[in-house]
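Enquirer: Task: produce atomic coordinates for the following.
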Amino acid sequence: MFFRLLRLILVVIVAVFGQPAFEASAQAIGHGSSQLIADQTKVIQDLTTKTDGLEKKLSDPDEDDAGLVDIRLQLEDISRAALTSALAFRQRLNDINARVQVLGPPPAQGQPPEPAIVSNERGALASEKAEINAVVASAQNLSIRVNGLLDKIAVMRSELFRNVITKHYDLTDALSPQAFSDAHDQFTGLYKAVSSWLSFALKFKFQAILAATFMALALAAVLFIGGRRLFGRIFEPDPTVEEPSYLSRLSVAFWSTLLPTAALGAFFASAVFFFNYYTVLRGDIGTFLNALLAVIGTVFCVNRLTNAALEPRLPNWRLIPIATGPARWLVGLATAMAIVLGLNYFLSVVNEKMGSPLSLTIARSFVATIIVGVILILMGLLRPFRAADGSWRPWPAWLRFIAIGLGLFTIAAALLGYIGLALFVSFQVVVTGTALVTAYIGFLSARAIGEEGGFADTSVGRWLSEKSSYEDTALDQLGLVVSIAINLMIVLVFLPLILLMWGFQPGDIEAWAYKLATGITIGSVTISFLGILSGIVVFFIGYFLTRWFQGWLDGSVMARGKVDAGVRNSIRLGVGYAGVAIAGLVGISAAGIDLSNLALVAGALSLGIGFGLQNVVSNFVSGLILLAERPFKVGDWIVAGDVSGTVRKISVRATEIETFQRQSVILPNSNLINNAVGNWTHRNKLGRVEIKVGVAYGSDVRRVHAILLDIARAHPMVLKNPEPFVLFANFGAAALEFEIRVFIADIMNSSVVQNDIRFAIFDIFEDERIEIPSTPRAVVETNKHEAWPIDDDKIEAEFAERERLEEEAAAERERLAKMKRRGRKPDPG
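Expert: Below is the predicted model of the structure:
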C-alpha cells in the first residue's frame with residue numbers, strides 16, 4: 001500500500017510540473033507517427049494494386065515460362081517491400097511499449113484514479129499502437145498473399161514444362177508435301193527480310209556498319225593476338241614434346257576449349273553491342289543475329305572440345321587412347337550433331353518470328369532428332385581401340401549401351417510423335433554433355449595442379465621458377481590457391497550454364513543468388529553467405545590494417561624516437577592484440593551475428609575455462625600482466641630458476657628465452673609471475689663482476705692487493721665510479737683468498753671482463769713470482785695385477801718401489817715445513 005501511494009505522489013508531481021513538456025512531446029511524437037502511418041499505408045496500397053495486376057497476368061493462358069519467371073521476380077520484390085514497410089514501425093513500437101511500461105498498469109477497480117494527463121497519454125498510445133498494428137497486419141496479409149501466388153507460379157511452371165515434354169504431335173501433316181511448300185515459303189520470307197534490311201542498312205547505315213564492324217574486329221584482334229601471346233603455352237599443345245604429362249594434357253584440353261570460346265563469345269557480344277549502339281539492327285534481324293551467333297558459338301565450343309580431348313593431329317596429346325582414324329570420326333560426328341541442333345534452334349527462332357505453321361516446326365524438329373539419334377548410334381557402334389594383334393575393339397559396354405540407348409530412345413520418341421521429348425534429350429546430350437565434359441576436365445586439371453609438385457610441372461610453374469626466386473614449397477602453395485580458384489571458376493561459370501540448358505530462366509538463378517546472398521533460413525537460424533563473406537573480408541581488412549599500423553608505429557614513430565627495444569616490443573604486441581580483437585568483433589558484427597546472442601557460448605566457455613582451460617587462461621592473463629608491468633623486456637638477461645638467458649619474445653601464453661648455449665627455452669608466463677625471476681638488466685645494464693683468486697701462504701698480501709687493484713683499474717671496461725674494490729676474503733685451507741669487485745656499464749660483457757682480468761693476473765703474478773697454489777687432491781689409483789713370474793725379480797721390484805715412494809713423501813713433508821716457518825706472521829688486531 002505504501003509503494004502504491006508513493007507511486008501516485010510521484011505521478012501527481014510529474015503531472016503538475018511536467019504537463020507542458022509532456023503535451024508538447026506527445027504532440028510532436030503523434031505528428032511524426034501519423035505521418036509514418038500515412039506513408040506506409042500508401043506504400044501498402046500501391047503494393048496491393050501492383051499485386052492485383054500481376055495476379056491478372058497469371059490468368060493469361062498464353063503466358064510462357066519466361067513471363068512467369070518475370071512475374072515471380074516482381075512478386076518477390078513486393079514481398080520484400082511489404083516486409084520493409086512493416087519493419088519501419090519497429091522503433092516506434094519499441095518506444096510505445098517502453099512508454100507504457102514507464103506509465104505502469106492502470107489503477108485497478110476501487111483504486112484512486114490516475115491523473116488526466118496520464119490517462120490521456122495512455123489512451124493516445126493505445127490508439128496509435130492499434131493503428132500501427134493495422135498497417136503491419138495489412139503488410140503481413142499482403143506477404144501471405146504474395147507467397148500463395150509464388151506457389152501457384154511454381155505449379156504452373158512445372159505443368160508447363162511437363163506439357164512441353166509429354167505433348168504428342170500428329171506426324172501426318174508434318175511429313176506431307178505441304179511441309180516442303182511451307183519451308184520454301186519460310187526461306188523466301190527470311191531471304192526477303194534479310195535482303196531488305198541489308199539494302200536499307202547499306203544505304204542509310206553504311207558508316208555505322210563500318211564503325212561497328214571495325215570496333216568489333218579490333219576487339220577480336222586484341223583478344224586473339226593478346227590471348228596467343230599470354231596464353232599460347234596453355235591452350236596450344238607443343239608438338240615437340242613426345243610424352244607430355246597427364247596434367248599438361250588436361251590443362252591444354254581445358255584451357256584450349258574455355259579460353260578461345262570465351263574470346264569468341266566476347267567478340268560476338270561486342271559486335272551485337274556496337275550494332276545496337278549505332279541502331280543498325282532491326283528488331284527481327286537482331287533476333288536472327290543473336291540466334292545465329294549463339295549457334296556458331298555452340299558449334300565452335302563442341303568442335304574445340306572434341307579436338308582438344310581427342311587431338312587427331314597429335315596422338316601423344318590425346319586424353320583418350322584411341323586410334324587416329326576413330327578420333328577423326330568422333331570429332332566429325334560430334335561437330336555434325338552440334339550443327340544439326342544449332343540449325344534446328346536457329347530455324348525455330350525464325351519460325352517463331354515469322355509465324356510459320358505448326359506442321360513446319362514439327363517437321364524440322366522431327367528431322368533434327370532423327371539425325372541426332374542416328375549419330376549417337378554410330379558413335380556407340382564405333383570401334384576406336386586398336387589391339388596388339390591389329391584387331392579393333394569397341395567402347396566399354398556401359399558407354400556403348402548408353403550411346404546406343406540414347407540414340408534409339410530419341411528416334412523412338414520422334415517416331416511416336418513426342419517431338420518435344422526427343423528434342424529435349426538431343427539438346428541435353430549435345431550441349432549439356434559438352435558443358436559437363438569441359439567442367440569435368442577442368443576439375444581433373446585443378447586436382448592435378450593442387451597435388452604436390454603438380455603446379456611446378458606446368459608451363460606457368462616452370463616460367464615462374466625461371467623468372468623468380470620461388471621455391472618448390474612456395475610453388476606448391478601457389479598451386480593449391482590456383483586449384484581452388486579454378487574449381488570456384490568452374491562452379492560459377494558452368495553451374496548457371498547447365499541450369500539454363502535444363503530450362504531454368506535467368507530470373508531463377510537471380511532469385512537463388514539473392515536468397516543465397518541474403519540468407520537461408522533453417523529452422524530458427526538464418527545463414528547469410530554474403531554476410532559471412534563480408535565478415536571475413538572485414539576481418540582480414542582490419543587484420544592487415546593492424547599489421548600495417550604496427551609496422552608504421554614501430555619503424556617510423558618509435559624507432560625515430562629512440563624508444564627502448566623492449567618498450568617497442570610491448571607496445572607493438574599490445575597494439576596487435578587490440579587490433580585483432582577489434583577486427584574480430586567488427587567482422588562478427590558485419591557477418592550479421594548479434595553479439596548478445598553469444599551469451600550462451602560465453603557461459604559454456606567460462607565453464608570450460610573453470611575446468612579444463614585454467615592453465616591456458618592463467619598463462620594468458622600472466623602474459624597481459626607481463627606486457628603491462630614489464631618486469632623484463634625483450635633483450636633483458638634474466639634468471640628464472642635453472643634457466644638463464646636473454647629474452648627473445650614475450651607472447652600472451654609463453655616467453656621465449658635464449659640461453660648462452662643458443663638453446664631456446666619456452667617458459668609459461670604463469671611460472672614467471674608466480675616464481676622469483678632475476679633480471680640483470682631491469683633498469684639499466686650496470687652490473688658488478690667478481691673475480692676470485694688465491695695466493696700461496698707467505699706471499700706479500702698488501703703487494704697482492706695493490707697489484708689486483710691496479711689490474712682492475714687498468715681495464716677499459718671497468719667503471720671509475722663506482723671504483724673497483726679488492727677484498728681480502730678469507731684464509732683458505734691452501735691459499736689466501738682475494739676477490740676483485742668491479743662495476744661495468746654493460747653486464748652482458750661480464751665474461752669478457754673476467755677473462756681479461758684473469759689473463760692479466762696470471763701474467764703479472766708470474767712476473768712478480770707470486771705463487772697461485774693448487775688444492776691437493778686425493779688420487780685413488782687402482783692397482784692392476786699383472787702376471788709376474790714366480791721368482792726373485794718380483795720381490796726386488798716391489799722393494800725398490802716402496803723405497804722410492806718413501807723418499808718422495810719425506811721430501812714433500814720437508815718442503816711444507818719450510819713454507820710454514822717462513823709464512824708465519826702476527827695475527828691482525
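
Enquirer: Which of the three states applies to His168?
Expert: Classification of His168 using DSSP: H, G, I helix; E, B strand; the rest coil returns coil.

Enquirer: can I assume it is in contact with Tyr418?
Expert: Yes. When contacts are counted by CB atoms under 8 Å, His168 is listed as touching Tyr418 (6.1 Å). C-beta coordinates here come from the backbone N, C-alpha and C atoms, glycine included.

Enquirer: More neighbours: those two, which one.
Expert: Tyr418 (20 against 11; other CB atoms under 10 Å).

Enquirer: I'd guessed that one sits against Thr166; true?
Expert: Yes. At 7.0 Å, Tyr418 and Thr166 qualify as touching, with contact defined as CB under 8 Å.

Enquirer: The one helix or strand Ser33 maps to: what's the following helix or strand?
Expert: Ser33 belongs to helix 19-58 when elements are defined using DSSP states H and E. Note on helix 19-58: by DSSP H and E, the next helix or strand toward the C-terminus is helix 65-87.

Enquirer: Which positions in that next one come out as buried?
Expert: Neighbour counts using 16 or more other CB atoms under 10 Å place 65, 68-76, 78-79, 81-82, 85-86 of helix 65-87 among the buried residues.

Enquirer: which one of the residues you listed is nearest Ser359?
Expert: The closest of those to Ser359 turns out to be Asp65 (CB to CB; 23.7 Å).

Enquirer: In three-state terms, label the spatially closest residue to Ser699 that is not a sequence neighbour for me.
Expert: Nearest residue to Ser699 in three dimensions, chain neighbours excluded: Ile770, at 5.4 Å (CB to CB, 6 or more residues apart in numbering). Following three-state DSSP, Ile770 is assigned to coil.

Enquirer: Which residues are in contact with Ile770?
Expert: Going by CB atoms under 8 Å, 6 or more residues apart in numbering, Ile770 touches Val695, Ala696, Ser699, Arg703, Val704, Ile707.

Enquirer: Burial check on Gly641, number of neighbours?
Expert: Gly641: 12 surrounding residues under other CB under 10 Å.

Enquirer: Adding secondary structure and pLDDT, write the contacts of Ile770 out as TSV.
Expert: Conversion of these to TSV gives the following (DSSP: H, G, I helix; E, B strand; the rest coil; pLDDT from 0 to 100):
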residue	secondary structure	pLDDT
Val695	strand	92
Ala696	coil	90
Ser699	coil	88
Arg703	helix	91
Val704	helix	91
Ile707	helix	92
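
Enquirer: where along the stretch 301-450 of the chain do the helices fall?
Expert: 324-354, 358-381, 397-415, 419-427, 433-450 (DSSP state H, counting those that start in this stretch).

Enquirer: JSON lines for these, including distance to Tyr577?
Expert: Putting those into JSON lines (distance: least, CB to CB, whole Å) gives the following:
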{"stretch": "helix 324-354", "distance to Tyr577": "61"}
{"stretch": "helix 358-381", "distance to Tyr577": "65"}
{"stretch": "helix 397-415", "distance to Tyr577": "60"}
{"stretch": "helix 419-427", "distance to Tyr577": "60"}
{"stretch": "helix 433-450", "distance to Tyr577": "34"}
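
Enquirer: before we move on, the earlier item: overlap in contacts of Tyr418 and Thr166?
Expert: Counting by CB under 8 Å, 6+ apart, nothing touches both Tyr418 and Thr166.

Enquirer: so where's the stretch 51-200 of the chain shaky on pLDDT?
Expert: Applying pLDDT under 70 to the stretch 51-200 of the chain flags residues 61-63, 65, 173-175.

Enquirer: about what we covered before: nearest to Leu376, of the buried residues of helix 65-87?
Expert: For these, the nearest to Leu376 is Asp65 (27.3 Å; CB to CB).

Enquirer: I'd say Ile209 and Val280 touch.
Expert: Yes. Look at Ile209 against Val280 with CB under 8 Å: they come within range, at 5.6 Å.

Enquirer: what about Gly67, distance to Leu73?
Expert: Distance, Gly67 to Leu73, using CB to CB, to the nearest Å: 11 Å.

Enquirer: Contacts for stretch 142-150 next, please.
Expert: For stretch 142-150, the external contacting residues (CB under 8 Å, 6+ apart) are 44, 47-48, 51, 54-55, 58, 72, 75-76, 78-79, 82-83.

Enquirer: got those as JSON lines, with distance to Val431 columns?
Expert: Below are the contacts of stretch 142-150 laid out as JSON lines (distance: CB to CB, whole Å):
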{"residue": "Ile44", "distance to Val431": "45"}
{"residue": "Leu47", "distance to Val431": "40"}
{"residue": "Thr48", "distance to Val431": "43"}
{"residue": "Thr51", "distance to Val431": "37"}
{"residue": "Leu54", "distance to Val431": "33"}
{"residue": "Glu55", "distance to Val431": "36"}
{"residue": "Leu58", "distance to Val431": "31"}
{"residue": "Arg72", "distance to Val431": "25"}
{"residue": "Leu75", "distance to Val431": "31"}
{"residue": "Glu76", "distance to Val431": "29"}
{"residue": "Ile78", "distance to Val431": "35"}
{"residue": "Ser79", "distance to Val431": "34"}
{"residue": "Ala82", "distance to Val431": "40"}
{"residue": "Leu83", "distance to Val431": "39"}
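
Enquirer: Quickly check the residues you listed for the two that are furthest apart.
Expert: Farthest pair in the contacts of stretch 142-150 (CB to CB) is Leu58 and Leu83. Separation: 21.8 Å.

Enquirer: What distance do you get for Asp746 to Leu573?
Expert: 26 Å.

Enquirer: How about Ala139, nearest residue that isn't a chain neighbour?
Expert: Using CB to CB, 6+ apart, the nearest residue to Ala139 is Ala86, at 4.0 Å.

Enquirer: distance of that neighbour from Leu624?
Expert: Using CB to CB, Ala86 is found at 47 Å from Leu624.

Enquirer: would you say Gly694 is within a helix?
Expert: No. Applying three-state DSSP, one finds Gly694 to be strand, outside a helix.

Enquirer: wait, isn't it in contact with Asn730?
Expert: No. The criterion here is CB under 8 Å, and Gly694 misses it with Asn730 at 9.0 Å.

Enquirer: what touches both of those two?
Expert: Residues touching both Gly694 and Asn730 (CB under 8 Å, 6+ apart): Glu737.

Enquirer: So between those two, which is more surrounded?
Expert: Per other CB under 10 Å, whichever of Gly694 and Asn730 has more neighbours is Gly694, with 21 against 13.

Enquirer: Tell me the spacing between the more buried one and Val481.
Expert: 69 Å.

Enquirer: what do you get for Leu171?
Expert: Note on Leu171: its distance to Val481, by CB to CB, is 57 Å.

Enquirer: So which of those two has more stuff around it?
Expert: Leu171 (17 against 12).

Enquirer: Could you report the neighbour count for the closest residue to Ile375 other than its chain neighbours?
Expert: With sequence-adjacent residues excluded and distances taken as CB to CB, 6+ apart, Ile375 is closest to Met337, at 4.7 Å. By other CB under 10 Å, 25 other residues sit near Met337.

Enquirer: now the one 10 residues further on
Expert: Using other CB under 10 Å, the number of residues around Leu347 comes to 22.

Enquirer: So for it, what's the pLDDT?
Expert: Looking at Leu347, its pLDDT stands at 85.
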